[in-house]
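Chemist: Below is the sequence, then the predicted model.
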Amino acid sequence: MRGVGWVLGLGGALQVAGAQTPVVLPPEPLAPPTKISIVNVNNLSFSPAFQGDPPELVDPNPNMGGDAALFLLQGRPYAAVIVLIPDDVVVLKTSSREVGRKTLNVRRLRARPEAGHPFQLSSRGSATVSVGGTRETLARNQAPGDYEGHFFVTVMYQ
């Protein structure tokens, strides 16, 4: 009786046409994981504003204008990845020595592609992720000056 060719999983049985008994192959070594690199290309920036100004939205969609943060990802070609960012509050502090409120909140951070949803890297293993958010209303006693802060962008293979 002639066999039929088939393979069953890593280290499974391989039956070759014409062979009388299956041949057991050792498992193939797994390729070492490829690291994902993240490079910050552009910072999330809001327009100059004055005390009492209303909230300002910076949309993560690059086609909407604004100054969203932009990150370049590099990893395994065609790999599925997921991006995680803080959902809500990033506290920004001033470098000013002026009197007044010295913190700002940036709320509703959003990413494109959408955070928490898998997407695929390109054939070159790259993708860009943009992040926007909403700066809160400025207090009437908001200290003038430059404000800066940080948030983490986490990228994982799926």
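Modeler: Structure's in. What do you need? Numbers count the residues shown, from 1 in each chain.
Chemist: Contact partners for the residue nearest to His117 when sequence neighbours are not counted?
Modeler: Leaving aside its sequence neighbours, His117 sits nearest to Ile82 (CB to CB, 6 or more residues apart in numbering; 7.0 Å). To be clear about C-beta, it is placed using only N, CA and C from the backbone, and glycine gets the same treatment. Ile82 makes contacts with 116-119, 155-156, 158, as judged by CB atoms under 8 Å, 6 or more residues apart in numbering.
Chemist: let's see it at 7 Å
Modeler: By CB atoms under 7 Å, 6 or more residues apart in numbering, the residues touching Ile82 are 116-118, 156, 158.
Chemist: what about it, which SS state?
Modeler: strand (DSSP: H, G, I helix; E, B strand; the rest coil).
Chemist: Return the set of residues that bridge with it.
Modeler: For Ile82, the beta-bridge assignment (DSSP bridges) gives partners Met156.
Chemist: And the strands in this protein, which stretches?
Modeler: Applying DSSP state E to the chain gives strands spanning 6-7, 13-15, 23-24, 37-42, 56-58, 69-74, 80-84, 90-94, 103-112, 119-120, 126-135, 147-148, 154-157.
Chemist: Quick check: of the contacts of Ile82, which has the highest neighbour count?
Modeler: Taking other CB atoms under 10 Å as the neighbour criterion, Pro118 ranks highest of these with 14 neighbours.
Chemist: between the strands of the chain, which gets nearest to Ala49?
Modeler: Comparison of the strands of the chain against Ala49 by CB to CB identifies strand 56-58 as nearest, at 6.7 Å.
Chemist: Could you report the distance from Leu44 to Pro118?
Modeler: Distance, Leu44 to Pro118, by CB to CB, to the nearest Å: 23 Å.
Chemist: right, I mislabeled it, should have said Asp53
Modeler: Distance of Asp53 to Pro118, given as CB to CB: 38 Å.
Chemist: Glu148 now?
Modeler: Distance from Glu148 to Pro118, by CB to CB: 31 Å.
Chemist: And Leu92, by the same measure?
Modeler: The gap separating Leu92 from Pro118 is 30 Å, by CB to CB.
Chemist: same deal with Ala139?
Modeler: Ala139 sits at a distance of 40 Å from Pro118 (criterion: CB to CB).
Chemist: from memory Pro113 sits against Phe119, does it?
Modeler: Yes - proximity of Pro113 to Phe119 meets the contact threshold set by CB atoms under 7 Å, at 4.3 Å.
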